[in-house]
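[1] This is a predicted model, with the sequence first.
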Amino acid sequence: MKYEKDGRDIILYQQDFDLDETLDCGQAFRWQKDNTQKNVTYTGAYLNVPLNISQESEGVFRLKDTDEDTFKSVWYGYFDLETNYGEIKERLSKDRTMAKACEYAGGIRLLRQDGWEALCSFIISQNNNIPRIKGIIGRLCEHFKGFPPYEKLADLSLDDLAFLRAGFRAKYIIDAAKKLRGGEVDLERIKTAPIDRAQQELMKICGVGPKVAQCALLYGMHRVEAFPVDVWIKRVLQMWYPDGLPKCCRGIEGIAQQYLFHYIRTGVQSEK
């Protein structure tokens, strides 16, 4: 990874990174694509720090109105720039199907998101579609002028969250906030707990099942061994891995899942 300052912008040179594949693959919901721009451009936020980022060419990105300190303290970690995804793809590609998936969507990176924001977002994602998830989270952030800490939500009622139009998910959001504030669920402890115990801790929250728990672990705590299973990944397992993922995926099942998820949704069909 290399970068340079260009006026008020940061120019990032980074291989194995594609904005569409990373920001529009269902792992984060605060990014909006600007289709009026010539280059692929997204606007979003992390830890309520806003960003406009464009992909000027393969491996070249412009982070607009971003100073060097913010790039190093916020975006370097968020985009997981310290990780060599080339090496990860080489390892995964020992398996033929994984090799196809890595080649098809080789620009996916696993975002290092905030634990609470990821947990809340994937509670909202239940039985939902991406445009509606983004709408609910957008209304939440607009109302609170940023993604609210759980402390702000713990004493709210369902009527207080009616503006979200989140349906049954609203009571789960409030329950999560209450249990985090009260210490019944401790995200810092969960980050380092054995994966099975971490899942069980998260499932103390009403409405959090295995899939939401695994999503929170993978996307919010960078537990790369977490392996969320939805309808698409069930198809992956049925079609290619009835006995489980190959050995090359061991310990990084969550990253393998990202490539496989994208591949089975769009890549397999494009090969027909």
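    Received the coordinates, thanks. The structure presented is a predicted model; accordingly, all values stated were derived computationally and were not measured.
[2] Need the three-state assignment for the closest residue in space to Gln214 that isn't next to it in sequence.
    Of all residues not flanking Gln214 in the chain, Pro228 sits nearest, at 4.1 Å (C-beta to C-beta, 6 or more residues apart in numbering). Any C-beta I mention is one placed from the backbone N, CA and C, and that applies to glycine too. Recorded secondary structure, Pro228: coil (DSSP: H, G, I helix; E, B strand; the rest coil).
[3] what secondary structure does Ile108 sit in?
    coil.
[4] So for it, what pLDDT did the model give?
    At Ile108, the predicted lDDT confidence score is 97.
[5] I'd say it and Tyr259 touch.
    Yes - Ile108 lies in contact with Tyr259 (C-beta atoms under 8 Å); the separation is 6.1 Å.
[6] Which residues are in contact with each of those two?
    Residues touching both Ile108 and Tyr259 by C-beta atoms under 8 Å, 6 or more residues apart in numbering: none at all.
[7] domain assignment for the chain?
    2-82, 115-209 (automatic domain parsing).
[8] Make TSV out of the ones you listed and add mean pLDDT.
    Formatted as TSV, the domains of the chain follow (pLDDT from 0 to 100):
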stretch	mean pLDDT
domain 2-82	96
domain 115-209	97
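[9] In JSON lines: these, plus mean neighbour count and distance to Leu218.
    Listed next are the domains of the chain as JSON lines, based on neighbours: other C-beta atoms under 10 Å; distance: least, C-beta to C-beta, whole Å:
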{"stretch": "domain 2-82", "mean neighbour count": "16", "distance to Leu218": "8"}
{"stretch": "domain 115-209", "mean neighbour count": "17", "distance to Leu218": "8"}
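[10] Let's have those domains in CSV, adding distance to Gly254.
    As requested, the domains of the chain are arranged in CSV below (distance: least, C-beta to C-beta, whole Å):
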stretch, distance to Gly254
domain 2-82, 10
domain 115-209, 10
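[11] how about the nearest residue to Met1 once chain neighbours are set aside, secondary structure?
    Once flanking residues are discounted, Met1 sits nearest to Leu81: 4.8 Å by C-beta to C-beta, 6+ apart. At Leu81 the chain is in coil, as set by three-state DSSP.
[12] Quick one: classify Gly207 as helix, strand or coil.
    coil.
[13] Name all residues that make contact with the residue nearest to it when sequence neighbours are not counted.
    Distances taken as C-beta to C-beta, 6+ apart place Tyr172 nearest to Gly207, at 3.3 Å, with adjacent residues excluded. The contact partners of Tyr172, taken as C-beta under 8 Å, 6+ apart, are Ile123, Gln126, Ile205, Cys206, Gly207, Val208.
[14] Good, we can wrap up now.
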